[in-house]
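[1] A predicted structure for the sequence below; I have some questions about it.
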Amino acid sequence: MTATSVPSQSTGTVPESVKRPYGLLRHSLALAGRSLIKVRRTPEGLAHAVLIPVIFLVMFVYLFGGAVSGNTKQYLQFIFPAALVMTVIISGIMITGVSLNADIRTGVFERFRSLPIGRSAPLIGSVVGDLIRYVISLVTVFAFGYLLGFRVETGFLQALAAGALTVFFGFCLSWGYVLAGVVSRDAAGVQGIVTLTMFPLAFGTNMVAPTDTLPGWLQAWVKVNPASHAMEACRGLLLGGPVAGPVMRTLLWSVGLLAFFMPLAVRAYRRRT
Amino acid sequence: MRYGFQAEALVKRFGTNTALSGVDFAARPGTVLSVLGPNGAGKTTAVRILATLLRPDSGTAMVGGVDVVRQPARVRRLIGIAGQDTSVDEDLTGAENLVLIGRLLDLRKAEATARATELLERFELTEAAGRRVATYSGGMRRRLDLAASMIGRPSVIFLDEPTTGLDPAKREEVWRMIRTMAGDGTTVLLTTQYLEEADTLSDDIVVLGQGKVIANGSPDELKQIVGGQAIQLRVADQAQASEAAAILAGVAGHAPDQVGPGVLTVPVVGDAAFTEVVRQLAAANIAVTELSLRLPSLDEVFFTLTGRHTAEPEREQEVAA
Ligand SMILES: Nc1ncnc2c1ncn2[C@@H]1O[C@H](COP(=O)(O)OP(=O)(O)OP(=O)(O)O)[C@@H](O)[C@H]1O
Ligand SMILES: [Mg+2]
């Protein structure tokens, strides 16, 4: 089969020689843009991610705050940094897995796969879209906290660092839900994993009370739960107190989660699509 | 000879179920090839293999001379596909869907927008362009999906049952577009369950059944094999059905099929048979409420080619359920 010429035709497909550079980056960003349009169209997911921590805050601060620490104001200071961590956890849990799963099932990814783009561009696009979503929900919850009366006791840079650390932690953790979204047969399957993990992860922490006030069996879990370390680190960064240890542990956990879940998720994604 | 696309000895199994067992076909550049077959024949499987979405177990598939298994990325630069199930994003508007695909095909923003506008116009979706696809009717989604497959002006396009669910006017419009594309040099693979559609559009037809090529050739060649046309009539008085059947048998040379109460159909060769049937019916004083000359249905094609009717396990399951 030598190169007998094909009849000339007006094809607009880009020949490889004039292929524009940074394909993977551009395609991933275009796909992240798609995720954000979806967030705007169906804000329910984002609303959940913001409302759950907010309701939680209000409930604990005003219902139990007086009883737990004798002073709601003080209690808000204690609980709010943890609520930020909870926000990204719930953000990741609520949408990442479910929306990815829907994309795979409805054939949207199948169309992407027939296009000359990187195999992982849709996955990256979806994760980058999520990152932006985390930032939006974090800022919203932060603003709400300020309305309630929370104040940063350290400085602007530390607060920024707390935000960045939280988003990074959420990002790394979300790969677990990416994996869940890719391997689950349907949305119900993802929901199952979500409900099973959300409670121990987000609530099995030293969020509402210091670790040493908890019963022994719970203390054991709280001490290993990566979310506790992230909450501890946030407290340190926003209120002062020990920082280096908790931040280090949070980063180690984050990188560990990323290193564990990302290859699994990518492999599963390649097999499934 | 370099083909627009070709399949050689394609085999694909899903577990113990063999979807394709050695399928061959090829289309010259700028022609339309129809794959005609009943449910479960393997049409979609063949299309997905050619479109790099599925790996064959054995055999080769090439698009524009490029092997789909070895160089999928290069193949993706050449093709457009509109799958059997629409694959547009429900949460995006029609326009956003098309622009996104344009961007992923490396069009610049302005180009992508212009191309989307042009295709929306062509598929009569301009009014709905700013609405979420979730609000579209089935036919609108299908048309958007077709538009999506054409964004990159592909040189080879795969359309899996593109007219299923479209009303007759929209179907004609899609047919017109397929002809235009082929005229511009695009090679088209079309799957369908209607001989009429394959007949009006194709240069070549491949009849697929249970993963095998049962027949192939030009529409004319195929019609010669399957009898080309069929006379269908409905008697006004069912008591005269057997008399009418005798007339049809006499003219066609074999017994007609009864497809409904008082409805008889028989394949015939040549238009003269039709006139003869009309004459004999009049002579015998048999009144009919319907009398037509049409292309045989897929089922009739199958029956003629294989002696079996199209096996449709799905339909039986539905009845049983
Ligand atoms: N992913 C899959 N897993 C298991 N079996 C499959 C899969 N895809 C197709 N099959 C089987 O392969 C056979 C051919 O299917 P295919 O979808 O190619 O048929 P088709 O000709 O497109 O039918 P239709 O007209 O219903 O669209 C069927 O028996 C089907 O059950
Ligand atoms: Mg099919």
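    Now that the structure is in, tell me what you want to look at. Ligands and ions are numbered 1, 2, ... in the order given.
[2] next structured bit after the worst-scoring helix or strand of chain A on mean pLDDT?
    Least confident helix or strand of chain A, by mean pLDDT, DSSP states H and E, is helix A:65-69 with a mean of 70. Per DSSP states H and E, helix A:65-69 leads on to helix A:72-91 as the next helix or strand towards the C-terminus.
[3] Let's test this: mean pLDDT of that following helix, rounded?
    The pLDDT scores in helix A:72-91 average 87.
[4] Helices along the stretch 101-250 of chain A, start to end?
    A:108-113, A:121-148, A:156-183, A:187-198, A:216-224, A:226-239, A:244-272 (DSSP state H, counting those that start in this stretch).
[5] any chance of those in CSV, with mean pLDDT and mean neighbour count too?
    No exception for glycine: its C-beta is placed from N, CA and C like everyone else's. Shown next, in CSV, are those (pLDDT from 0 to 100; neighbours: other Cβ atoms under 10 Å in any protein chain shown):
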stretch, mean pLDDT, mean neighbour count
helix A:108-113, 88, 22
helix A:121-148, 89, 20
helix A:156-183, 90, 22
helix A:187-198, 79, 15
helix A:216-224, 83, 12
helix A:226-239, 92, 25
helix A:244-272, 90, 16
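[6] Any chance of CSV for the ones you listed, columns distance to A:Ile93?
    Output for these, formatted as CSV (distance: least, Cβ to Cβ, whole Å):
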stretch, distance to A:Ile93
helix A:108-113, 21
helix A:121-148, 11
helix A:156-183, 6
helix A:187-198, 5
helix A:216-224, 18
helix A:226-239, 12
helix A:244-272, 14
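[7] Go through those helices and name the closest to B:Ala51.
    helix A:108-113 (9.0 Å; Cβ to Cβ).
[8] Does ligand 1 have contacts with the closest one?
    No - Helix A:108-113 stays clear of ligand 1 (Cβ under 6 Å from any ligand atom), getting no nearer than 11.8 Å.
[9] Mind giving me the packing neighbours of that helix?
    helix A:121-148 (3 or more Cβ pairs under 8 Å, 6 or more residues apart in numbering or on different chains; DSSP states H and E).
[10] What is the helix it packs on packed up against?
    Helix A:121-148 sits against helix A:23-41, helix A:44-59, helix A:72-91, helix A:97-105, helix A:108-113, helix A:156-183, helix A:244-272, with contacts defined as 3+ Cβ pairs under 8 Å, 6+ apart.
[11] could I get these as a markdown table with distance to B:Gln240?
    Below are these laid out as a markdown table (distance: least, Cβ to Cβ, whole Å):
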| stretch | distance to B:Gln240 |
| --- | --- |
| helix A:23-41 | 62 |
| helix A:44-59 | 65 |
| helix A:72-91 | 74 |
| helix A:97-105 | 55 |
| helix A:108-113 | 54 |
| helix A:156-183 | 64 |
| helix A:244-272 | 60 |
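[12] so which of those gets nearest B:Ala147?
    When the helices and strands packed on helix A:121-148 are compared (using Cβ to Cβ), the closest one is helix A:108-113, at 12.1 Å.
[13] mind checking how far that closest one is from the chain centre?
    Distance, stretch centre to chain centre, for helix A:108-113: 24 Å (Cα atoms, centre = their mean, to the nearest Å).
[14] Could you do stretch A:253-271 as well?
    Stretch A:253-271 sits 14 Å away from the centroid of its parent chain (Cα atoms, centre = their mean).
[15] Pick out the residue in chain A sitting closest to ligand 2.
    A:Gly107 (12.8 Å; Cβ to the ion).
[16] Revised request: answer the last question for chain B.
    In chain B, no residue comes nearer to ligand 2 than B:Thr44, which is 3.1 Å away by Cβ to the ion.
[17] what about the residue nearest to A:Val61 when sequence neighbours are not counted, neighbour count?
    Ranked by Cβ to Cβ, 6 or more residues apart in numbering or on different chains and with sequence neighbours excluded, the top spatial neighbour of A:Val61 is A:Leu76, at 4.9 Å. Residues contacting A:Leu76 under the criterion other Cβ atoms under 10 Å in any protein chain shown number 22.
[18] Contact partners for A:Leu76?
    Each residue near A:Leu76 by Cβ atoms under 8 Å, 6 or more residues apart in numbering or on different chains is listed here: A:Leu57, A:Val61, A:Gly65, A:Gly145, A:Leu148, A:Gly149, A:Phe150.
[19] Residue in the stretch 1-150 of chain A with the shortest distance to ligand 1?
    Residue nearest to ligand 1 within the stretch 1-150 of chain A (Cβ to the nearest ligand atom): A:Glu110, separated by 11.8 Å.
[20] Would you confirm that that residue contacts B:Ala51?
    No - the criterion here is Cβ atoms under 8 Å, and A:Glu110 misses it with B:Ala51 at 9.3 Å.
[21] Return the residues of chain B in contact with ligand 2.
    Residues of chain B lying near ligand 2 by Cβ under 5 Å from the ion: B:Lys43, B:Thr44, B:Gln84.
[22] Quick check: chain neighbours aside, which residue is closest to the residue in the stretch 201-321 of chain B positioned nearest to chain A?
    Nearest residue of the stretch 201-321 of chain B to chain A: B:Asp203, at 13.8 Å (Cβ to the nearest Cβ). Excluding the flanking residues, the one nearest B:Asp203 by Cβ to Cβ, 6+ apart is B:Thr31, at 4.0 Å.
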